[in-house]
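Asker: sequence first, predicted coordinates after that:
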Amino acid sequence: MPLLSCYTGHALEAGLDEAGRGCLAGPVFAAAVILPPDFSPRFLNDSKQLTAKRRDALRPEICAEATAWAVGTASVEEIGHLNIAQASYLAMHRAVQALAIAPAHLLVDGNRFRPLAGFAHTCIIGGDGLYRNIAAASILAKTFRDEHMQALAAEYPEYGWGQNAGYPTQSHRAAIRTHGPSPHHRMGFRLL
């Protein structure tokens, strides 16, 4: 089934999604994307349904064609201080506030969101597989976060972040067991 353009029918509706919520290391990233109503590139879908190659091919197209887009992050320290849910909302708020054009409505992937003053919002479970603007946000959040984790992997190659992006794989946990946690690990999470 083809993805829908937007939820409200308003041209300035922003899709919102995050990446890295379930990771053991690194910041959480979020993206906000306002798309033109006719933007419907081939293969646009929830980032989890796409190969890395497809995501990387779609990112420059989304960035070039979007009415507005922005990425926000919340640090490992903020995740530890706030908790992962609140840090995810903070990253989303930062993405919305960084948009060059104020959105008329926020369409958020998931079932919860901390309201942002001045913006109406709607939460959609599985929205990244239903709406183009959320799918585009999921791709930007994922690719920008993966790029960040690749850079950290150059500094800390022993954890395999270039492959696992900080997610709790067996090899990542084995590396934590062998080398101990890095400064980029989320100490409030169950690392082992």
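Answerer: Right, received. Where do you want to start?

Asker: got the contact list for the closest residue to Tyr156 other than its chain neighbours?
Answerer: Among residues not flanking Tyr156 along the chain, Ser182 sits closest, at 5.0 Å (C-beta to C-beta, 6 or more residues apart in numbering). Every residue, glycine included, has its C-beta placed from N, CA and C. For Ser182, the contact set (C-beta atoms under 8 Å, 6 or more residues apart in numbering) comprises Ala25, Tyr156, Tyr159.

Asker: switch the cut-off to 10 Å
Answerer: Listed by C-beta atoms under 10 Å, 6 or more residues apart in numbering, the contact partners of Ser182 are Ala25, Gly26, Val76, Leu152, Glu155, Tyr156, Glu158, Tyr159, Trp161, Ala175, Ile176.

Asker: please pick the buried ones from those.
Answerer: Neighbour counting with 16 or more other C-beta atoms under 10 Å marks Ala25, Gly26, Val76, Leu152, Tyr156, Tyr159, Trp161, Ala175, Ile176 as buried within the contacts of Ser182.

Asker: and the strands in this structure?
Answerer: Counting by DSSP state E, one finds strands in the chain at the ranges 13-19, 28-34, 68-74, 105-109, 121-124.

Asker: identify the bridge partners of the closest residue to Trp69 other than its chain neighbours.
Answerer: Closest residue in space to Trp69, ignoring its immediate chain neighbours: Val33 at 4.6 Å, by C-beta to C-beta, 6+ apart. Following DSSP bridges, Val33 is listed with bridge partners Gly15, Trp69.

Asker: and Val33, how many neighbours?
Answerer: Number of residues near Val33 (other C-beta atoms under 10 Å) recorded here: 32.

Asker: got the angle for the longest helix seen in the chain vs strand 105-109?
Answerer: Using DSSP state H, we find that the single longest helix of the chain is helix 132-155. Relative orientation of helix 132-155 versus strand 105-109 (axes from the mean of the first three to the mean of the last three C-alpha atoms, to 10 degrees): 60 degrees.

Asker: what helices or strands is helix 132-155 leaning on?
Answerer: In this structure, helix 132-155 makes packing contacts with strand 13-19, strand 28-34, helix 52-65, strand 68-74, helix 84-98, strand 105-109, helix 161-164, judged by 3 or more C-beta pairs under 10 Å, 6 or more residues apart in numbering; DSSP states H and E.
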